[in-house]
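Trainee: Predicted model and sequence below, questions to follow.
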Amino acid sequence: MSSMGPPADENLETKEIDLRSMSSSSLGQAPQAHKVAIPPRQNLFKEFQSTIKETFFSDDPLRPFKDQPRSRKIRLGIEAIFPILSWGRSYNLKKFRGDIISGLTIASLCIPQDIGYAKLAHLAPQYGLYSSFVPPLIYAVMGSSRDIAIGPVAVVSLLLGTLLSNEIDPKTNPTEYQRLAFTATFFAGITQATLGVLRLGFLIDFLSHAAIVGFMGGAAITIALQQLKGFLGIKTAHFTTDTDIVHVMRSVFSEAHHGWNWQTILIGASFLGFLLVAKYIGKKNKKFFWVPAIAPLISVILSTFFVFITRADKQGVDIVRKIEKGINPSSVKDIYFTGEYLGKGFKIGIVAGMIALTEATAIGRTFASMKDYQLDGNKEMVALGTMNVVGSLTSCYVATGSFSRSAVNYMAGCQTAVSNIVMSVVVLLTLEFITPLFKYTPNAILSAIIISAVISLVDYEAAILIWKIDKFDFVACMGAFFGVVFVSVEIGLLIAVSISFAKILLQVTRPRTAILGKIPRTTVYRNIQQYPEASKIPGVLIVRVDSAIYFSNSNYVKERTLRWLMDEEEQEKGDYRTKIQFLIVEMSPVTDIDTSGIQAFEELHRSLEKKGVELVLANPGSAVTDKLYASSFANTIGEDKIFLTVAEAIAYCSPKVVEDP
């Protein structure tokens with residue numbers, strides 16, 4: 001077998017070396033197969049127009065209007081504002097059957113939740129019901145999601161209640177507090193609609209998924225803790241208004257000697273157990289999705305009946321007592337358009353509006369991807385903003401998409417936004433005829449409903465996954481979580497936003513760089529840390545920059561490249577290897593460069609010249625190439641030192657590498 005000659009791999013390497021040596025000896029250097037193309041100069045106005053289009057109109061919203069007669073353009077414009085006119089033409093009885101079942105199902109879930117969420121916002125119970133009547137109707141006409149269920153949600157209710165109570169005490173000044181709530185809702189709607197009209201929806205993406213997971217989880221813990229007062233039957237007027245775990249638990253245990261109400265605890269614990277079992281059944285078998293959906297309403301009916309026949313309210317069980325009957329009264333005159341509370345309402349509205357928008361967008365995108373249809377984010381913002389503006393004028397507070405209700409809506413087989421209309425009609429009937437029946441509903445059952453609803457917001461599985469994927473994301477997640485739990489909702493939100501921005505700044509100012517080596521028996525060059533088998537080229541250092549080079553990171557890129565060079569030179573002295581004579585910068589990932597970046601490359605070039613090292617560039621993109629030539633930097637280093645690939649750059653450098661004596 002030994003007489004058969006060397007293996008095939010060795011033959012390939014021998015041929016490759018022979019070919020390279022032949023080309024080197026005959027021409028002095030390997031021929032450059034392709035020259036890096038200089039992109040044609042763009043008109044400044046067209047370049048600016050293109051940038052604006054990609055930033056604000058990347059989805060090309062005017063495409064349906066192209067080459068259409070004027071009458072059709074008008075119709076398409078109206079349908080763009082009111083999507084119900086578009087999908088309504090194909091609406092049929094089959095779809096209505098699915099919508100009415102899902103609408104009735106989410107109505108049974110929303111009614112008890114709304115009463116409890118209004119308490120979180122420190123508002124009377126009827127305001128929660130009001131917010132599930134008018135806003136869903138507006139959204140059904142203007143929204144583009146088929147699955148999202150509109151109404152008050154726990155996190156926004158808590159956030160609004162916390163921020164508003166910092167300005168006005170809801171117990172001593174309920175009228176002013178209520179007016180400020182409507183004012184904040186008005187400006188929340190204005191904020192959302194403005195973002196949609198100006199197509200600035202990408203701003204909400206600055207709050208990372210990890211930060212949202214942490215914030216939601218912390219808010220869920222805080223909401224659950226806030227329910228301990230009603231769950232344990234604590235009646236003291238001095239129960240803390242702070243939301244952090246330390247103050248809440250201190251208040252809970254300091255009132256223990258006054259006596260918690262055992263009847264209240266019995267009602268709350270037994271129905272909380274019932275709700276959790278119902279939720280478990282629905283989770284284990286999707287066919288029984290309706291079990292956790294109707295469990296809250298069944299709990300309210302049974303507990304109310306129990307309190308009424310036993311007159312447990314006489315034994316210290318706290319009850320709802322009264323919910324105003326009738327539909328939403330006008331609140332136009334209640335909104336502060338002047339005075340000191342205008343600015344406060346504006347600030348609170350922006351924060352509440354952004355959080356509500358973030359939650360609704362996440363929910364809408366989730367269910368749209370599950371049903372494989374497109375959701376126009378900017379139209380959604382306009383719809384959500386309009387419904388909150390109208391809601392603020394009709395005694396509603398901030399409404400948005402509810403994840404629990406939207407999930408039930410989806411599983412119940414909803415077809416269109418008509419399910420929101422059905423829910424709204426049921427809430428209307430409740431306001432008109434049923435609210436007096438809630439008089440004997442114990443507050444403990446509302447606390448149990450809220451606790452069972454927010455438990456799912458603590459997404460520990462997502463936190464574990466975040467830890468596995470990105471440790472910095474996990475820091476953002478935990479920072480937001482502990483900020484909410486141990487300080488306050490607004491501080492937790494601030495931490496979430498701050499860490500999200502810190503991550504962006506870190507990635508922008510400290511981009512990744514890598515040393516490349518040649519994969520054996522190929523002309524492919526890859527990161528030597530990722531591919532240990534990749535070998536360095538003697539006398540040549542290949543560095544890749546994995547980011548655009550701007551003023552924020554240009555100095556770091558220059559200094560990091562020089563440090564790579566210093567590290568290599570120190571290793572060479574110890575190993576007696578060939579001195580570095582060429583630095584190749586692989587620029588494929590460099591999408592853009594500004595004047596600071598060009599200046600950094602000029603300084604790098606001067607530093608390398610002093611060391612006797614030549615700077616070579618490989619595969620710059622069109623935007624980068626344009627600026628290299630416009631700034632004359634290409635002439636400075638020599639146009640013959642800009643190559644299409646790293647392999648061609650190596651072919652240029654290798655014949656020139658001189659071994660040290």
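Mentor: It's in. Numbers count the residues shown, from 1 in each chain.
Trainee: Low-confidence bits of the chain, can you list those?
Mentor: 1-34, 42-44, 47-48, 54-59, 236-238, 257-259, 574-577, 656-661 (pLDDT under 70).
Trainee: how about the strands of it, start to end?
Mentor: 149-151, 400-402, 513-518, 525-527, 540-545, 582-586, 614-618, 642-643 (DSSP state E).
Trainee: Out of those strands, the one nearest Lys325 is which?
Mentor: Nearest of the strands of the chain to Lys325, taken as Cβ to Cβ: strand 149-151 at 19.7 Å. Any C-beta I mention is one placed from the backbone N, CA and C, and that applies to glycine too.
Trainee: What lies in contact with the closest one?
Mentor: 106, 110, 113-114, 131-132, 135-136, 139, 143, 387, 399-402, 405-406, 408-409, 419-420, 423 (Cβ atoms under 8 Å, 6 or more residues apart in numbering).
Trainee: so which of the strands of the chain is the most packed in?
Mentor: When the strands of the chain are scored by mean count of other Cβ atoms under 10 Å, the highest mean neighbour count falls to strand 149-151 (a mean of 33).
Trainee: What strands flank that strand, and is each parallel or antiparallel?
Mentor: strand 400-402 (antiparallel) (DSSP bridges).
Trainee: How far off centre is the strand it pairs with?
Mentor: On the basis of Cα atoms, centre = their mean, to the nearest Å, strand 400-402 sits 15 Å off its chain's mean C-alpha point.
Trainee: do stretch 126-142 as well
Mentor: 25 Å.
Trainee: before we move on, what about stretch 123-130?
Mentor: 29 Å.
Trainee: One more: stretch 433-448?
Mentor: Counting by Cα atoms, centre = their mean, stretch 433-448 comes out at 35 Å from the chain centroid.
Trainee: buried residues in it?
Mentor: Buried residues in stretch 433-448, counted by 16 or more other Cβ atoms under 10 Å: 435, 438, 440-448.
Trainee: of all those residues, which comes closest to Gly268?
Mentor: For those, the residue nearest Gly268 by Cβ to Cβ is Ala444; the value is 3.6 Å.
Trainee: if I read this right, that closest one contacts Trp262, doesn't it?
Mentor: No - assessed by Cβ atoms under 8 Å, Ala444 is found out of contact with Trp262, at 11.3 Å.
Trainee: what is in contact with the two at once?
Mentor: Gly233.
Trainee: residues touching the closest residue to Ala463 other than its chain neighbours, list them.
Mentor: Leaving aside its chain neighbours, Ala463 sits nearest to Cys477 (5.8 Å; criterion: Cβ to Cβ, 6 or more residues apart in numbering). Residues counted as contacts of Cys477 (Cβ under 8 Å, 6+ apart) are 210-211, 213-214, 463, 466.
Trainee: Check the gap between Cys477 and Asp470 for me.
Mentor: As judged by Cβ to Cβ, to the nearest Å, Cys477 and Asp470 stand 10 Å apart.
Trainee: Identify the contacts common to the two.
Mentor: Ala210.
Trainee: Closest one to Gly88 out of the contacts of Cys477, please.
Mentor: Distances from Gly88 to the contacts of Cys477, taken by Cβ to Cβ, are shortest for Val213, at 36.9 Å.
Trainee: And for the closest one, the neighbour number?
Mentor: 27 (other Cβ atoms under 10 Å).
Trainee: ok, it to Val485 distance?
Mentor: 14 Å.
Trainee: Leu163 now?
Mentor: When Leu163 is compared with Val485 (using Cβ to Cβ), they lie 18 Å apart.
Trainee: Following the record's annotation, map out the domains of the chain.
Mentor: According to automatic domain parsing, the chain comprises the domains 9-38+510-656, 104-505.
Trainee: is it possible to export those domains to TSV including distance to Ile52?
Mentor: Below are these laid out as TSV (distance: least, Cβ to Cβ, whole Å):
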stretch	distance to Ile52
domain 9-38+510-656	16
domain 104-505	10
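Trainee: Of those, flag the one that's most buried.
Mentor: Most buried among the domains of the chain, counting by mean count of other Cβ under 10 Å: domain 104-505, with a mean of 21.
Trainee: end-to-end on that one?
Mentor: 47 Å (Cα to Cα, to the nearest Å).
Trainee: Stretch 120-130 too?
Mentor: First-to-last distance for stretch 120-130 - Cα to Cα - comes to 15 Å.
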